[in-house]
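> For reference, the sequence and a predicted model appear below.
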Amino acid sequence: MQKGARLHRHRTPVVNWPNVVESLHRALGYEARVSRLAAVLLLMHTIDGQQKNKAERQNISKNTGKNASAVTDKGTSTGQTQPRYTSFNGYLKEKFSARVYRVPIDAGFTCPNRDGTRAMGGCTFCDDRGSGAPTINQVLSVKEQLFTGIERIRRRFKAEKFLAYFQAFTNTYAPEAVLRSLYDVSLDHEDVVGICIGTRPDCLDDNVLNLLAEYQEKTFVFLEVGLQSAHNKTLDLINRAHSAEEFFDAVERAKKKNIEVATHLIFGLPGESREDMMETVRQVADIGLTAIKIHQLCVYKHTPMAVDYEQGRLPLLEEDEYVQLVCDALEMLPPDMVVMRLVAEGTREEIIAPDWCFEKNRIMDKIDQELIRRGTRQGSRFSPKN
């Protein structure tokens, strides 16, 4: 497995000034020239895989007694719905009494494992979009990205309210003044009801968490902290350049400030067994997370993992194997933990493999049917530590 060059593993992140300047310029609303063709393409694309999945949304019903909704079992002889797992769409609808969608934003950040602060090259699975949605137009300012996205999603999905989603790269990796300016700009729309912030555990010092807690007092804040695996050997292999211990520490400190926290897990990372993946699930199941994203490893073009895959050094999960893993994981999670994603998807222009990742609806249906076959649901095997 190819890795980026590791540098100064435990240094405090330094400021990447070119990105800071660019972020500040965007936050202040400097105009950028965009061709008509680029604008049209931006309007034609979709914002997020979950938003495109109409069939999944139609299967969501209210989960009585919980602050979320659930995907339901339509195969019961009584015709009554049975909750199988909670959904992010339902959680947002319950919270805001409206149809709420996220608008992804690229604010011009980088990551400490890309710029040399902790490592070079970034995560080995991550392409040059930094896990941002393919619909993000990086040429536009933050305000332009937000307003354009809102209008497009409103037309396409009849959305009523929106969350500004700082998705690409590490969105707490800048001085407080820059972060504040960006977050303020993203909230400057009457239909934006909060912000979602994707980041890394090593970029959540107490100053950043205090800033987020300040925003939490006046709007909805949802903090997404990437983990991928709770095994340091895996984190080293994929060049994350942070430890599992840093993740658990960051979550604990965020929870003390009453910040809603979600995490991301990837199944099928190099060298991990089923037991390794389930151990990661066990470790995150009872630490007070509000939500979780789980998805399969996808091989993106122009990444170190693409080289390994093309040279036969990177085996991938088969779809039925993945379905079993997801159902096992759901059974182990708390019944009220919000499930934001269970299948990653993309286009053939950006993803090499696996082929089944281009059929999200079919895989989601197989997950539902396997839970029905088992007669289980999220939380069936959850065991609180205390």
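Here it is on my side, so go on.

> Tell me which stretches of this protein form helices.
In the chain, the helices defined using DSSP state H lie at 17-27, 36-44, 49-52, 54-58, 88-96, 142-157, 176-186, 206-216, 232-237, 244-256, 274-285, 304-310, 319-332, 360-374.

> What count of nearby residues applies to residue 273?
By other CB atoms under 10 Å, 8 other residues sit near residue 273. C-beta coordinates here come from the backbone N, C-alpha and C atoms, glycine included.

> hang on, the earlier thing: can I get the helices of the chain in JSON lines with distance to residue 343, mean neighbour count and mean pLDDT?
Below are the helices of the chain laid out as JSON lines (distance: least, CB to CB, whole Å; neighbours: other CB atoms under 10 Å; pLDDT from 0 to 100):
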{"stretch": "helix 17-27", "distance to residue 343": "31", "mean neighbour count": "18", "mean pLDDT": "44"}
{"stretch": "helix 36-44", "distance to residue 343": "23", "mean neighbour count": "12", "mean pLDDT": "34"}
{"stretch": "helix 49-52", "distance to residue 343": "8", "mean neighbour count": "18", "mean pLDDT": "38"}
{"stretch": "helix 54-58", "distance to residue 343": "10", "mean neighbour count": "13", "mean pLDDT": "36"}
{"stretch": "helix 88-96", "distance to residue 343": "13", "mean neighbour count": "20", "mean pLDDT": "94"}
{"stretch": "helix 142-157", "distance to residue 343": "19", "mean neighbour count": "19", "mean pLDDT": "95"}
{"stretch": "helix 176-186", "distance to residue 343": "28", "mean neighbour count": "19", "mean pLDDT": "97"}
{"stretch": "helix 206-216", "distance to residue 343": "29", "mean neighbour count": "16", "mean pLDDT": "98"}
{"stretch": "helix 232-237", "distance to residue 343": "21", "mean neighbour count": "17", "mean pLDDT": "98"}
{"stretch": "helix 244-256", "distance to residue 343": "23", "mean neighbour count": "18", "mean pLDDT": "98"}
{"stretch": "helix 274-285", "distance to residue 343": "15", "mean neighbour count": "17", "mean pLDDT": "98"}
{"stretch": "helix 304-310", "distance to residue 343": "18", "mean neighbour count": "18", "mean pLDDT": "96"}
{"stretch": "helix 319-332", "distance to residue 343": "8", "mean neighbour count": "20", "mean pLDDT": "98"}
{"stretch": "helix 360-374", "distance to residue 343": "5", "mean neighbour count": "17", "mean pLDDT": "96"}
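
> Need those helices in a markdown table (columns: distance to residue 168).
Below are the helices of the chain laid out as a markdown table (distance: least, CB to CB, whole Å):
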| stretch | distance to residue 168 |
| --- | --- |
| helix 17-27 | 11 |
| helix 36-44 | 15 |
| helix 49-52 | 15 |
| helix 54-58 | 24 |
| helix 88-96 | 19 |
| helix 142-157 | 10 |
| helix 176-186 | 12 |
| helix 206-216 | 18 |
| helix 232-237 | 21 |
| helix 244-256 | 20 |
| helix 274-285 | 23 |
| helix 304-310 | 19 |
| helix 319-332 | 26 |
| helix 360-374 | 21 |
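
> Determine which of these approaches residue 265 most closely.
When these are compared by CB to CB, helix 274-285 sits nearest residue 265, at 6.0 Å.

> quick one: contacts of that closest one?
227, 229-231, 234, 244, 248, 263, 265, 267-268, 292, 325, 328-329, 332-334, 337, 382 (CB atoms under 8 Å, 6 or more residues apart in numbering).

> try 7 Å this time
Residues outside helix 274-285 that contact it (CB atoms under 7 Å, 6 or more residues apart in numbering) are 227, 229-231, 263, 265, 267, 292, 325, 328-329, 332-334, 382.

> Now find how far off-centre that helix is within its chain.
18 Å (CA atoms, centre = their mean, to the nearest Å).

> Model confidence for residue 127, exactly?
Note on residue 127: pLDDT of 88.

> Quick check, it in contact with residue 303.
Yes: contact criterion CB atoms under 7 Å: residue 127 and residue 303 qualify, at 5.5 Å.

> Report how many residues lie close to the closest residue to residue 360 other than its chain neighbours.
If the residues on either side of it in the chain are set aside, residue 360 comes closest to residue 345, at 4.3 Å by CB to CB, 6 or more residues apart in numbering. Neighbour count of residue 345, defined by other CB under 10 Å: 21.

> I'd assumed residue 359 was in contact with residue 345.
No: taking contacts as CB under 7 Å, residue 345 lies outside contact range of residue 359: 8.4 Å.

> Who are the contact partners of residue 227?
Counting by CB under 7 Å, 6+ apart, residue 227 touches 247, 263-265, 284.
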